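[1] coordinates only, sequence not included:
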């Protein structure tokens, strides 16, 4: 059969790949992509691979046609040469032997796997029997638990009824609370409107107070400006008065210094006079002492003379004189 020629992307023809595979097979080797490429001397694996797969796909049919032709002693032309057929038969026999050995190995592995699975199944059956017994035990406990659960359900039903009754009472209380809340909300709305009215009134009052404060602030600013001008005027006047006062103070200080100098001189003069007065007092005291001593001596002399004189019946002028002198001496002592 004439095969359809397929051209590869790099110029390698399918008939060239098949011819190269036949050559490799005649050499007693298994055709592979690398061996076919080496036989061709060109071609990429991506190009040669699909063509070689086609060669393997048509190999059995070609071998069968060749065998039939040989057995029938047909002299017609066969698709493959006799050496290729013999080599292909040898490869085919080896392939069958390899397949049989592989099947035997796979069968042995399957038997081993089946033995393992059988053992696993037996163990699973044992576990299942144990689990069945455990489930039977648990079933009895479950029945007891279900009885207890039924009692709990009955108790919960009773509790549900009580809760429903409580819920009904709560709903009544909720309705009353909602009514009260509505009343409170209405009262709050009324209070809010009243507060809003008061707020409007307060805003008006605040606006009036702000206008009044602004007017007062303007008046205070004007007064501050006047006070500032007056302060400047008073400062200038104070500066002039200060200069005048400084001048007067300087003149007064000069006079004070002059007076202090005069006072110092007078104090020095006073000190001299005090010393002189003290000396005069000392001298006066000394003279008075001398005078008293002399007066005493004179009185003694007069007394002695009076004792010596004869007594005169009439008034004695000397005695009168002596009395007068004594009185003067006493008066002088009192004055000192």
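    Received, thanks. Since this is a predicted model, take the numbers as computed values, not measurements.

[2] return the distance of stretch 200-212 from the chain's centre.
    Relative to its chain's centre, stretch 200-212 lies at 44 Å (CA atoms, centre = their mean, to the nearest Å).

[3] shaky segments in the stretch 201-336 of the chain?
    309-336 (pLDDT under 70).

[4] which parts of it are helices?
    Ranges of helices in the stretch 201-336 of the chain, per DSSP state H, counting those that start in this stretch, are 317-335.

[5] same question, the stretch 1-150 of the chain
    Using DSSP H, counting those that start in this stretch, helices in the stretch 1-150 of the chain cover 14-26, 33-40, 45-71, 82-308.

[6] okay, those helices in TSV with mean neighbour count next?
    The way it works is simple: take the backbone N, C-alpha and C, and place the C-beta from them, glycine included. Output for those, formatted as TSV (neighbours: other CB atoms under 10 Å):
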stretch	mean neighbour count
helix 14-26	20
helix 33-40	18
helix 45-71	15
helix 82-308	11
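
[7] now stretch 175-186: mean pLDDT?
    Taken as a whole, stretch 175-186 has a mean pLDDT of 86.

[8] hmm, who's touching it?
    For stretch 175-186, contacts defined as CB atoms under 8 Å, 6 or more residues apart in numbering pick out no residues.

[9] list the residues that contact the residue nearest to residue 45 when sequence neighbours are not counted.
    Leaving aside its chain neighbours, residue 45 sits nearest to residue 33 (5.2 Å; criterion: CB to CB, 6 or more residues apart in numbering). Going by CB under 8 Å, 6+ apart, residue 33 touches 45, 48, 49, 52.

[10] surely the first one and residue 37 touch.
    Yes - the pair residue 45 and residue 37 qualifies as a contact (CB atoms under 8 Å) at a distance of 7.1 Å.

[11] what's near enough to touch the closest residue to residue 20 other than its chain neighbours?
    Nearest in space to residue 20, with sequence neighbours left out and distances taken as CB to CB, 6+ apart, is residue 39 at 4.0 Å. By CB under 8 Å, 6+ apart, the residues touching residue 39 are 20, 23, 24.

[12] neighbours of the nearest residue to the last one once chain neighbours are set aside, just the number please.
    Among residues not flanking residue 24 along the chain, residue 31 sits closest, at 4.4 Å (CB to CB, 6+ apart). Neighbour count for residue 31, taken as other CB atoms under 10 Å: 22.

[13] what sits against residue 31?
    If you count contacts by CB under 8 Å, 6+ apart, residue 31 has them with 20, 21, 24, 25, 52, 55, 56.

[14] ok, now how distant is it from residue 18?
    Distance from residue 31 to residue 18, counting by CB to CB, to the nearest Å: 10 Å.

[15] now do residue 141
    Using CB to CB, we find residue 141 at a distance of 78 Å from residue 18.

[16] swap in residue 134?
    If you measure residue 134 against residue 18 using CB to CB, the figure is 69 Å.

[17] what about the stretch 51-200 of the chain, any weak spots by pLDDT?
    64-85, 87-89, 92-93, 95-96, 98-100, 102-103, 106-107, 110, 142.

[18] if we can go back for a sec, which residues are in contact with each of residue 31 and residue 18?
    With CB under 8 Å, 6+ apart, residue 31 and residue 18 have common neighbours residue 55.

[19] can you list the contacts of residue 39 in JSON lines and add distance to residue 190?
    Below are the contacts of residue 39 laid out as JSON lines (distance: CB to CB, whole Å):
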{"residue": "20", "distance to residue 190": "109"}
{"residue": "23", "distance to residue 190": "114"}
{"residue": "24", "distance to residue 190": "110"}
